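Q: Model the following, please.
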Amino acid sequence: MFSGIEHLAAAERELLRVEGSPLTIAYLDPMLRAQGLSSDRIGDAMEFFQLSEREVYYLLCDCHSVGR
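A: Residues are numbered from 1 along each chain as shown. The predicted structure follows:
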């Protein structure tokens, strides 16, 4: 999961990656890479999966899963 992504500027958030995140797992899938997923960075995932900033926040920010 990603921590504190809501506090980053959009340009910083788009370049962010975390080893072992759900995006890393998606990027390891050869079918997704063949279809155009170019990295495990948030910006590339947003483009590929057509996710809004709000959706990324709810799906990937650790504040929605830590301590639950």
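
Q: And the pLDDT at Arg33?
A: For Arg33, the pLDDT comes out at 98.

Q: Surely it touches Tyr27?
A: Yes. In this structure, Arg33 is within contact of Tyr27 by Cβ atoms under 8 Å, at 6.6 Å. For every residue, glycine as well, the C-beta is placed using N, CA and C.

Q: Pick out whichever of the two has more residues nearby.
A: Each of Arg33 and Tyr27 has its neighbours counted (other Cβ atoms under 10 Å); Tyr27 has more, 20 against 14.

Q: List the buried residues in the worst-scoring helix or strand of the chain on mean pLDDT.
A: Confidence across the helices and strands of the chain bottoms out at helix 53-60, with a mean of 93, counting by mean pLDDT, DSSP states H and E. For helix 53-60, a neighbour-count test (16 or more other Cβ atoms under 10 Å) marks Val56, Tyr57, Leu60 as buried.

Q: The last one contacts Arg41, doesn't it?
A: No. Shown here, Leu60 and Arg41 do not form a contact pair, counting by Cβ under 8 Å, at 11.6 Å.

Q: Mutual contacts of these two, please.
A: Leu23 (Cβ atoms under 8 Å, 6 or more residues apart in numbering).

Q: Please state the backbone phi and psi of Phe2?
A: phi -100, psi 150 (degrees, to the nearest 10).
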